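Asker: With the input below, show me the fold.
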Amino acid sequence: MSLPTERFKKLSLGSMPPTTRLQSRMAQVDDSSSESDFESDFEPDFDIDEDDGLMVSPSNLKYSLDLLDDETRDNVTKAIEVPSQFVLRGCQAGDERCFFLITEPVEYTVRTGSEQSGYGTPSCTCEGSERGESPCRHILWLFDKITSQVLGAQESPYAMTQHGYPTELGNPYDAISDFHLDMLADSLHCDVVGQSADPNPRRVRETREILASLNEVPADEYRPDLFDNPRRGRHIIKRGDLEQTIFRMLLYNDDFFQFFMSSMRADELNRNHFRSLQHRADAALAGLQQYADDPDLQTVACPKDVDWCAKHLEGIAHQIYSIIHTTDRPLESWELRSAARTSVHVLEQVANYNRDVGPAGLPKEQRNLYHRLIGRQDLKFVVDILSSIPPEILGPWIDDLAAIEGKILEHGGPPSYITRLRSLVSHLRSRWSIAGSKRAGPAQDRRAKRVK
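Answerer: A predicted model of the protein is given here:
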């Protein structure tokens, strides 16, 4: 029997659900009570196919190495020889640059910044990087995680640059700035250094989902005494209350939290990728609302304005569509239900956000989120996703979609978009029986349990 500490050596952000993890997950044993589930969900590492010149990452993104010279390709091959055992401790914004703290368990810092900052080329404090062996495995690992969140999956391989990130990402610092570091940190399950001493709301939510899932209780009903007003507490141990003790450990200790995250199944709420995208959409909409409410936020660099929020929501829709259409296997029913739930939620939020925000001198598409994504022109926003989901899966949301159609008719929109949505609703009505009209609950966005 291995020592408990041996398991902690496997802690890795790569063990958490990145953008395309769903695509690479093959059929698994769905017996939730099996002890083998506890250690079966660790991510694969980097792998190079020398014949095709492709590298497959832990996020299951494919990178073409054709742009690399022989020396850089050798550095990449050498960098991935040792399996990754990384944890992303946190990130911090500096003067036109960002810092990401990685441990394995030795801590290294990866820096990336604008060209003017001196960090236009990502650098790392590890020995290999200091010897000129670039890119090192920390840079490869980190920017794979960032790419999986910012760009997501695509059918064709990404073109790897000699600096360890794909050309499609552009300047990494600009991509991170446009995305916003706080949004990226939440997507990567780490904290921004220097934030409030209070528990991170994302960490609290994920902790609640972990513990509720283990207790098979809906997350919003689990231990309100702990989560309605969460506090770290002065002491970790709460005698007579094991759950509160674990709650505090998950908030305090990054290793313990990452260990739990990596050990949970992919269909648990806290690891459900579509649910994570819904949380990101809500965070983008909350950022836009803060921008609307506070005029001071309208003059900052890279404001969370309509343009920023719209790009996030378009990116989320693109990722959902890509997962459905580029997966190596048919998605399971619970995955499609989760995709449907997130897609309808995003469409509903945009349909209800028909108001102008920001400086009055801006064009309407830069002031009105609804006009930008739906009202101005037919971008097939979300409707192309919903058309890809079988009626027997999408049926429970027929009333929501009919209400959304009514909102769009009220606000006005491109005739082709309205026709597309109306046809979808009509098709669902003709296929969805009253007997099956009960709405699927959150707990059903999971794989069915085996009956013993």
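Asker: For whatever helix or strand residue 286 lives in, give me every contacting residue.
Answerer: Counting by DSSP states H and E, the element that carries residue 286 is helix 273-293. When contacts are defined by CB atoms under 8 Å, 6 or more residues apart in numbering, helix 273-293 is touched by residues 17-19, 21-22, 180, 183, 186-187, 202, 205, 266, 269, 297-298, 303-306, 308-309, 312-313, 316, 319-320, 323, 335, 338-339, 341-342, 345-346, 349, 353, 357-358, 369, 445. Quick note: C-beta positions are derived from backbone N, CA and C, even for glycine.
Asker: Next, the buried residues of it.
Answerer: 273-281, 283-285, 287-288, 291-292 (16 or more other CB atoms under 10 Å).
Asker: out of those, who's nearest residue 258?
Answerer: For the buried residues of helix 273-293, the closest approach to residue 258 (CB to CB) belongs to residue 276, at 15.6 Å.
Asker: separation between that closest one and residue 177?
Answerer: 22 Å (CB to CB, to the nearest Å).
Asker: still on that earlier bit, report the rounded mean pLDDT for the helix holding residue 286.
Answerer: Throughout helix 273-293, pLDDT has a mean value of 94.
Asker: Run through the neighbouring helices and strands of the next helix or strand after that helix.
Answerer: Following helix 273-293 in sequence order, the next helix or strand is helix 306-326 (DSSP H and E). The helices and strands touching helix 306-326, judged by 3 or more CB pairs under 8 Å, 6 or more residues apart in numbering; DSSP states H and E, are helix 21-24, helix 172-179, helix 273-293, helix 333-351, helix 369-370, helix 383-386.
Asker: just checking, what packs against the second one?
Answerer: Helix 172-179 is packed against strand 97-103, strand 107-113, helix 137-150, helix 306-326, with contacts defined by 3+ CB pairs under 8 Å, 6+ apart.
Asker: between the helix holding residue 286 and helix 306-326, how big is the angle?
Answerer: Here the directions of helix 273-293 and helix 306-326 differ by 170 degrees (axes from the mean of the first three to the mean of the last three CA atoms, to 10 degrees).
Asker: Next, the angle from helix 273-293 to helix 137-150.
Answerer: Using the same axes, to 10 degrees: helix 273-293 against helix 137-150 is 70 degrees.
Asker: okay if I get the helices and strands packed on helix 306-326 as CSV plus distance to residue 212?
Answerer: Output for the helices and strands packed on helix 306-326, formatted as CSV (distance: least, CB to CB, whole Å):
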stretch, distance to residue 212
helix 21-24, 22
helix 172-179, 29
helix 273-293, 13
helix 333-351, 16
helix 369-370, 32
helix 383-386, 28
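Asker: For residue 262, find the nearest of the ones you listed.
Answerer: Proximity to residue 262 (CB to CB) singles out helix 21-24 among those, at 11.7 Å.
Asker: Might you report the residue contacts of residue 256?
Answerer: Applying CB under 8 Å, 6+ apart to residue 256 gives the contacts 249, 250.
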